[in-house]
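*Asks:* heads up, no residue letters with this:
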């Protein structure tokens, strides 16, 4: 299957899960975004790797991995997000030592944190983007200043979206509208939950 390259677009703090973040990856040359819920430590590590001006006094775990690899001439060639199962993304590290490739299983949050440090490309497959991606098309929806704001949006925000039953009361049409609004407002953590509810219904 053909690889699609992804780039880190940002981190969004979860409004419903304390200490959780949405890591947002975007496809090369496209409008789809892949939001992935990660923990606070991993989010901090990714943020530090992105911001070159931030220098922790002691190496973080991912920094130690990078230093270890450099010392023993191990290269991280690429990261591949290769599977989505039950809402969990699975990734592999493709490493090289003395011309020999090794494939290692890794959590996606760790894989991305390492990819940034090694300046290694991140890839996924079209099937994963088709199933889990959300589309952000500012050309057709207008600028961020003209964000949608409807009674449906207010009703949904008043509910606890960490509770699946909060979304079960909405029609599929309303869910799709709410998904569009969540993406426009860059509330990716909420978009993930709405998308999962849409996928659950369409799978029936």
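*Replies:* Sure thing, it's come through. Bear in mind the structure is a predicted one, so any value in this text is a computation, not a measurement.
*Asks:* the nearest residue to residue 59 once chain neighbours are set aside - how many residues pack around it?
*Replies:* Take residue 59 and drop its neighbours on the chain: the residue closest to it by CB to CB, 6 or more residues apart in numbering is residue 67, 6.3 Å away. Just so you know, the C-beta spots here come from the backbone N, C-alpha and C atoms, and that holds for glycine as well. The local packing of residue 67 (other CB atoms under 10 Å) involves 12 other residues.
*Asks:* state the helix or strand in which residue 67 lies.
*Replies:* Counting by DSSP states H and E, the element that carries residue 67 is helix 61-71.
*Asks:* list the buried residues of that helix.
*Replies:* Neighbour counts over helix 61-71 (16 or more other CB atoms under 10 Å) mark 62-63, 65-66, 69 as buried.
*Asks:* did I read that right, residue 109 in a helix?
*Replies:* Yes: judged by DSSP: H, G, I helix; E, B strand; the rest coil, residue 109 forms part of a helix.
*Asks:* give the contact list for it.
*Replies:* By CB atoms under 8 Å, 6 or more residues apart in numbering, the residues touching residue 109 are 23, 36, 38-39, 42-43, 46.
*Asks:* distance of it from residue 181?
*Replies:* Distance, residue 109 to residue 181, using CB to CB, to the nearest Å: 26 Å.
*Asks:* same check on residue 62?
*Replies:* The value you get for residue 62 to residue 181, if CB to CB is used, is 34 Å.
*Asks:* ok, residue 87 next?
*Replies:* Going from residue 87 to residue 181 by CB to CB gives 21 Å.
*Asks:* these two - which one has more neighbours?
*Replies:* Neighbours were counted for residue 87 and for residue 181 using other CB under 10 Å; residue 181 has more, 22 against 13.
*Asks:* burial of residue 75, as a residue count?
*Replies:* Neighbour tally, residue 75, other CB under 10 Å: 13.
*Asks:* then residue 105?
*Replies:* For residue 105, the neighbour count with other CB under 10 Å is 10.
*Asks:* what pairs with it across the strands?
*Replies:* With DSSP bridges as the criterion, residue 105 is bridged to residue 92.
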